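A.B. asks: can you look at this prediction? I've put the sequence above it.
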Amino acid sequence: MTATKGLEGIVAATTSVSSIVDGVLTYRGYDIDDLADNATFEEVVYLLWYGSLPSHSELAQLKAELSASAAVPAPVIDILRLFPANTPTMAVLRTAVSSLALYDPEAEDMSKEANLHKAIRLQAQIPTIIAAFTRLREGNAPVSPKEGASIAENFLYMLTGVDPDPVAVKALDKALVLHADHELNASTFAGRVTVATLSDIYSGVTSAVGALKGPLHGGANEAVMNMLEEIGSIDHIDDYIRGKLDRREKLMGFGHRVYKGGDPRAKHLQKMSYELGKSTGNLKWYDMSVKIEGLVTGLKGLRPNVDFYSASVYTTLGIPRDLFTPIFAISRCSGWTAHILEQYENNRIIRPRAEYVGQADQKYIPVDFR
Ligand code: SDX
């Protein structure tokens, strides 16, 4: 038995939710470029869960269900009030998602119907939790969800209590489409491993949130913005990047296990970063990002991933930095739950082997003689 570090190249599941073949990402057979330019996030959620794009009435029904489920149980909001204001929002989300199960009468119902209900509740309530905590930590009362609003519009509305700019809603909606699913990424795998024990969907999504939080995965978008701010200005990029590479440090927002020729989502986020920067009259973060990309690709052959330009997109939208990864979670909840539902359909516990590299032939010595 020989281990493959990081399971690189190992095919650990079959899926019909999404695929990456020769650098092309598809959700249920639809190219991400097509969906990014044309679909709304709610259409994508429907596509991921049910396998086809919705009709008018199917879409209207899903939107109504999501809207009706967006309010979070009052005890969960009360728990948020107890958390220290400086807690990272992803840590809050991890605990809050787990706590949702305690107030869901269907939490332990493993029927397909109940699992779909829970997927809808999770998708609808994760944005509410994030917005509520953001307001509470600033001493403001949470804002109730706006009836009939899309997930993107409602999230921005619940953050501020005022109707958001339609340009911002459209940009966020597109970012949600781009982040919705990505084959067997680390958080999706974590979710699938958890539910493959026949544990409940809340346990699966809690595992997934924990995995997404790390800076080698979803946490990289926040780290990219930290880097841009640390560099400070376009003149300092050269020294900073060369220094990092000389010290063999990781550059956040670059590289990918699967894509070597570039992440197909990055170009959409780059374009959004430019358009938003231009419309707000502040292209600083965009210009810096482009220069960093050129340098890193030239020196190291590394290409930006989904997290690189999303940092300047969210910053230009005025979103607090520690909500970048939670926004990734809002979107990826659709993919996590689609994969979890798929795992339940054809389940087998996921239990690989390990290559033992520890000591051998040890003999027990009583504690007095050690
Ligand atoms: C996401 O998997 C998914 O699908 C994830 C995701 C999704 O949608 O779910 O796409 C979202 O998580 C994007 C990735 C976000 N993470 C980062 O931006 C963090 C920085 N990137 C990396 O640390 C790294 O590239 C990973 C984690 C993304 C991939 O790690 P791998 O596949 O284990 O690659 P590696 O670390 O073994 O790197 C291979 C080589 C090494 O050089 P050598 O030792 O062979 O000389 O490339 C170098 C690495 O040092 N390298 C980097 C680098 N990424 C790779 N060097 C500097 N900076 C980097 N970012």
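C.D. replies: Okay, I see it.

A.B. asks: C-alpha from now on. contacts and neighbour counts both.
C.D. replies: Noted.

A.B. asks: nearest the middle, which residue of the protein would you pick?
C.D. replies: Centroid check for the chain by CA atoms, centre = their mean gives residue 328 as the closest residue, at 2.9 Å.

A.B. asks: which residues does that residue contact?
C.D. replies: 176, 179, 218 (CA atoms under 8 Å, 6 or more residues apart in numbering).

A.B. asks: name the element it belongs to?
C.D. replies: helix 324-345 (DSSP states H and E).

A.B. asks: how far is that helix from where the chain is centred?
C.D. replies: The chain centroid and the centroid of helix 324-345 are separated by 8 Å, computed with CA atoms, centre = their mean, to the nearest Å.

A.B. asks: that helix near the ligand anywhere?
C.D. replies: No. Figure legend: helix 324-345 not in contact with the ligand (CA under 6 Å from any ligand atom); closest approach 8.1 Å.

A.B. asks: please shift the residue numbers so they start at 215 in all later answers.
C.D. replies: Sure, I'll start numbering at 215, so the last one becomes helix 538-559.

A.B. asks: what residues of that helix count as buried?
C.D. replies: In terms of neighbour count (16 or more other CA atoms under 10 Å), helix 538-559 has its buried residues at 538-558.

A.B. asks: do stretch 408-422 as well
C.D. replies: 408-410, 412, 414-422.

A.B. asks: can you put those residues in JSON lines and add distance to the ligand?
C.D. replies: Below are those laid out as JSON lines (distance: CA to the nearest ligand atom, whole Å):
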{"residue": "408", "distance to the ligand": "17"}
{"residue": "409", "distance to the ligand": "18"}
{"residue": "410", "distance to the ligand": "20"}
{"residue": "412", "distance to the ligand": "23"}
{"residue": "414", "distance to the ligand": "22"}
{"residue": "415", "distance to the ligand": "19"}
{"residue": "416", "distance to the ligand": "19"}
{"residue": "417", "distance to the ligand": "19"}
{"residue": "418", "distance to the ligand": "16"}
{"residue": "419", "distance to the ligand": "14"}
{"residue": "420", "distance to the ligand": "16"}
{"residue": "421", "distance to the ligand": "14"}
{"residue": "422", "distance to the ligand": "11"}
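
A.B. asks: where exactly do the helices run in the stretch 415-564 of the chain?
C.D. replies: 415-426, 434-445, 451-460, 480-494, 498-514, 520-530, 538-559 (DSSP state H, counting those that start in this stretch).

A.B. asks: same question but for the stretch 215-364 of the chain, I mixed them up
C.D. replies: So, for the stretch 215-364 of the chain - with DSSP H, counting those that start in this stretch - the helices run 246-252, 255-264, 270-282, 288-296, 303-314, 326-351.

A.B. asks: residues making contact with the shortest one?
C.D. replies: Under the contact criterion CA under 8 Å, 6+ apart, helix 246-252 has outside partners 238-240, 258, 388, 391-392, 478-479, 482.

A.B. asks: which one of the residues you listed has the most neighbours?
C.D. replies: Counting neighbours by other CA atoms under 10 Å, the top entry in the contacts of helix 246-252 is residue 258, with 28 neighbours.

A.B. asks: what's the distance between it and the ligand?
C.D. replies: Distance, residue 258 to the ligand, using CA to the nearest ligand atom, to the nearest Å: 15 Å.

A.B. asks: same deal with residue 265?
C.D. replies: From residue 265 to the ligand the distance is 19 Å (CA to the nearest ligand atom).

A.B. asks: identify the residues contacting that residue.
C.D. replies: 231, 242.

A.B. asks: ok, which of the helices of the stretch 215-364 of the chain comes nearest residue 515?
C.D. replies: helix 246-252 (23.5 Å; CA to CA).

A.B. asks: tell me which residues in that closest one are buried?
C.D. replies: Applying 16+ other CA under 10 Å to helix 246-252 flags 246-247, 249-250 as buried.

A.B. asks: out of those, which is nearest to residue 272?
C.D. replies: Nearest to residue 272 among the buried residues of helix 246-252, with distances taken as CA to CA, is residue 249, at 17.9 Å.

A.B. asks: gap between the closest one and the ligand?
C.D. replies: 15 Å.

A.B. asks: enumerate the residues of this protein near the ligand.
C.D. replies: Checking the chain against the ligand by CA under 6 Å from any ligand atom, the hits are 396, 399-400, 430-432, 434, 463-471, 519-521.

A.B. asks: of all the residues in stretch 312-331, which ones are buried?
C.D. replies: 312-315, 320-321, 329-331.

A.B. asks: okay, how far is it across that stretch, tip to tip?
C.D. replies: Distance across stretch 312-331, first residue to last, is 16 Å (CA to CA, to the nearest Å).

A.B. asks: with stretch 530-548 instead?
C.D. replies: Where stretch 530-548 begins and where it ends lie 25 Å apart, using CA to CA.

A.B. asks: could you dump stretch 554-573 to CSV, C-alpha only?
C.D. replies: Extracted in CSV, the C-alpha atoms of stretch 554-573 (Å, rounded to 0.1, in the frame of the first residue of the first chain):
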residue,chain,number,x,y,z
ILE,A,554,-24.8,15.1,-0.4
LEU,A,555,-28.2,14.2,-2.0
GLU,A,556,-26.3,12.3,-4.7
GLN,A,557,-24.2,10.5,-2.1
TYR,A,558,-27.4,9.4,-0.2
GLU,A,559,-28.8,8.0,-3.5
ASN,A,560,-26.0,5.5,-4.0
ASN,A,561,-24.2,5.4,-0.7
ARG,A,562,-21.3,3.4,0.5
ILE,A,563,-19.2,4.5,3.5
ILE,A,564,-16.0,6.3,2.4
ARG,A,565,-13.2,4.5,4.2
PRO,A,566,-9.8,4.5,2.4
ARG,A,567,-6.6,3.0,3.8
ALA,A,568,-3.4,4.6,5.2
GLU,A,569,0.1,3.6,4.5
TYR,A,570,1.7,3.0,8.0
VAL,A,571,5.1,4.7,8.4
GLY,A,572,5.4,4.5,12.2
GLN,A,573,7.5,2.3,14.5
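
A.B. asks: done for today, thanks.
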